[in-house]
Structure formats: C-alpha cells, structure tokens
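In: Following is a predicted model, sequence given first.
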Amino acid sequence: MPNAAAARDEARAAILDSFLVLLAERPFERISLGDVAERAGVSLAELRAAYGSTFDMVSAFVRETDRKVLAGPTDDMADEPARDRLFDVLMRRLDALGPHKGALRSLAESARRNPFFALALNRLAVRSQQWMLAAAKIDTAGLKGAVRAQGLALVYARVLQTFLRDEDPALARTMAALDRELDKGQRALGLLEGAVRLATGGRRGQKEAQPPEEPAAA
C-alpha cells in the first residue's frame, strides 16, 4: 500500500534525524539503540523494523547523502572536463552535508580512536565515492574503477577536514581545498595509471600513500 510505504519512509527519516542529533551530542560508541528509540519517540520494535544497528544508521546517512547528490542535475556539466565535473559533484555533496557538521565531527573523532571503526567507515566512503564518480560520468568499472574510488575517498577525506572548520556559508576555504586536492591528484583521479600498476603488481610508484587523518564516510 502506498500510504504504508510512505509512513515507513517517514519513520525511517525521523529515526535517522534523531540519530544524527544524538551523534552531534555524543560519540558514536556511546549511542545505544534505546537512546535512538527514546529520542525518536518510537518503540524498539519500530526501530528494529527500520534499522538493524546504529552503524546501519550511519550507512543510511551516507546513502541518503548519495541520493541527494545523484538526484541533482548533471547535464549542464556534460561538456566540461572530468576534473570540473567531479569538482561540481563533490561540492554538491558538501553542500548537502552542511547541516550535519556536528555529526561528521563526531564520526571523525570516533574513527581516530578506533581503527576498526575507521576501516568500516572507509568501506562506506569508497562505495559512496564510486557513485560520485558515476555522477561525474567517470568510469568506475573493474579494478581501475575500484582503485580510483579509493583514491577519491582519500582526496575527499582531506577536503572534509577543511570543510568541518569552514564557517563561511560560501565555503570559500573548502572550495579552495577541493580545487587544490583535485589539482594534486588529477593524474591519479583521471586514469589512476600508477595506482592500478601498483595494485596489479607493477614496480612503479613504490611509496605507499599516507592514510588520511580521518575517514570520509559521508
């Protein structure tokens, strides 16, 4: 029934909003399922019907951000270079994340304390960046696409650090950071030739990239 489906979607959205508010107030590891149910005003049974865990809620937050970006228009950038299309897509993503900086800071702090949590967030980030690459009409197929998505996740993580400190509504510092990071990684994010050779056993590019200070799940 359409009305029932709409009601379920509204309930899921309300629960996710409550979780994000809690996340801005306290670390992820201190948020229990009961806390979320109480804040959202639902029973545990209703919460279980909507989400499997608090990490499932983080994943849903990432997916919802993806959806907002993917729903935006892209045809106006079709004739632009790949680097400019990617810049546009990632700025739209950061605009969508603007209301949730508190939650993002909380996730970043928890990731710094817990490397296993950081790895889990990185998996979400790589999957998400595959969609961002697709939105920018950049190939995501095969090993090259997988390595490209991981590279973009690292670029995005560095930009996110600036974004979380940028209080300018126009996000001037964030735009400058994104512009700089894309310029630095343009060769890798264009074709990722060196990274693909490394991943497939090539001898060029022996130095490993340094991991970001914080993951960029969102």
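Out: Cool, the structure landed. Bear in mind that the values here come from a model prediction, so they are computed numbers and not experimental data.

In: So what's the residue count around the closest residue to residue 185 other than its chain neighbours?
Out: Sequence neighbours aside, residue 155 is the residue nearest to residue 185 in space, at 5.1 Å (criterion: CB to CB, 6 or more residues apart in numbering). Using the backbone N, CA and C atoms, a C-beta is placed for each residue, glycine as well. Counted with other CB atoms under 10 Å, residues neighbouring residue 155 total 23.

In: Secondary structure class of residue 155, three-state.
Out: Three-state assignment for residue 155 (DSSP: H, G, I helix; E, B strand; the rest coil): helix.

In: Please tell me I have it right and it contacts residue 182.
Out: Yes: the pair residue 155 / residue 182 is scored as a contact, 6.9 Å apart, by CB atoms under 8 Å.

In: which residues are contacting the helix or strand residue 182 falls within?
Out: Per DSSP states H and E, residue 182 falls inside helix 172-184. In this structure, residues lying in contact with helix 172-184 by CB atoms under 8 Å, 6 or more residues apart in numbering are 83, 86-87, 90-91, 94, 155, 158-159, 162-163, 165-166, 189.

In: And for stretch 87-94?
Out: 65, 69, 72, 74, 77, 80, 132, 135-136, 156, 159-160, 163, 171, 174-175, 178-179, 182.

In: Narrow these to those that are buried.
Out: Buried residues within the contacts of stretch 87-94, counting neighbours by 16 or more other CB atoms under 10 Å: 65, 69, 74, 77, 132, 135-136, 156, 159-160, 163, 171, 174-175, 178, 182.

In: surely residue 19 meets residue 56?
Out: No: contact criterion CB under 8 Å: residue 19 and residue 56 do not qualify, at 9.8 Å.

In: More neighbours: which of those two?
Out: Neighbours per residue, other CB under 10 Å: of residue 19 and residue 56, the larger number sits with residue 19, 26 against 13.

In: That one: what's it in contact with?
Out: Per CB under 8 Å, 6+ apart, neighbours of residue 19: 31, 36, 39, 40, 54, 57, 61.

In: Over to residue 186?
Out: residue 83.

In: so how far is the helix holding residue 182 off the chain centroid?
Out: Here helix 172-184 shows a centroid-to-chain-centroid distance of 17 Å under the convention CA atoms, centre = their mean, to the nearest Å.

In: Pick out whichever of the contacts of residue 19 sits closest to residue 4.
Out: The nearest member of the contacts of residue 19 to residue 4, counting by CB to CB, is residue 40 at 18.7 Å.

In: Excluding sequence neighbours, find me the nearest residue to the closest one.
Out: Here the residue nearest residue 40, using CB to CB, 6+ apart, is residue 18, at 3.9 Å.

In: Tell me how many other residues surround that neighbour.
Out: By other CB under 10 Å, neighbour count at residue 18 equals 20.
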